[in-house]
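> Fold the following and give me the result.
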Amino acid sequence: MSEINITNRIESFKDSIVKGKDGQNKPESSFSQILNHSIGTVNRLQKEADRAVKELTLGNNKDIHGTMIALEKADVSFQLMMQVRNKIVSAYQEIIRMQV
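Purely as a prediction, here's the structure:
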């Protein structure tokens with residue numbers, strides 16, 4: 001099993017979103033695209049965890065460790081998504097309170 005390194009994953013994700021195949025910056029990458037990709041990743045991890053639990057309960061899979069790892073990955077990714085959402089809402093509220 002490979003070790004999960006969040007910093008490397010974030011950097012590689014950022015590089016893949018910001019830069020194209022030729023290394024040029026892509027101006028068409030937007031916050032909404034990054035957010036949609038992140039939400040899709042969290043959704044995929046949740047579905048994988050659900051599938052692992054279902055397989056374990058049906059007896060098709062005896063790997064309880066793999067199931068627990070899938071559940072924890074889904075939980076951590078969901079918690080991170082919620083923290084990012086909270087920061088976005090907080091920033092939006094602060095902008096709304098600004099006087100022009």
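> shouldn't residue 74 be in contact with residue 53?
No. Contact criterion CB atoms under 8 Å: residue 74 and residue 53 do not qualify, at 10.0 Å. C-beta here means a position set from N, CA and C on the backbone, and glycine is covered the same way.
> okay, the two: which has more neighbours?
Neighbours per residue, other CB atoms under 10 Å: of residue 74 and residue 53, the larger number sits with residue 74, 21 against 16.
> ok, and for the helix or strand hosting the more buried one, which residues are buried?
Under DSSP states H and E, the secondary-structure element containing residue 74 is helix 64-97. By neighbour count, with 16 or more other CB atoms under 10 Å as the criterion, the buried positions of helix 64-97 are 67, 70-71, 73-74, 77, 81.
> Which strands or helices does that helix pack on?
Using 3 or more CB pairs under 8 Å, 6 or more residues apart in numbering; DSSP states H and E, the elements in contact with helix 64-97 are helix 31-58.
> buried set for the helix it packs on?
38, 42, 45-46, 49, 52-53, 56.
> between the residues you listed, which is closest to residue 90?
Of all the buried residues of helix 31-58, residue 90 sits closest to residue 38, with 17.7 Å by CB to CB.
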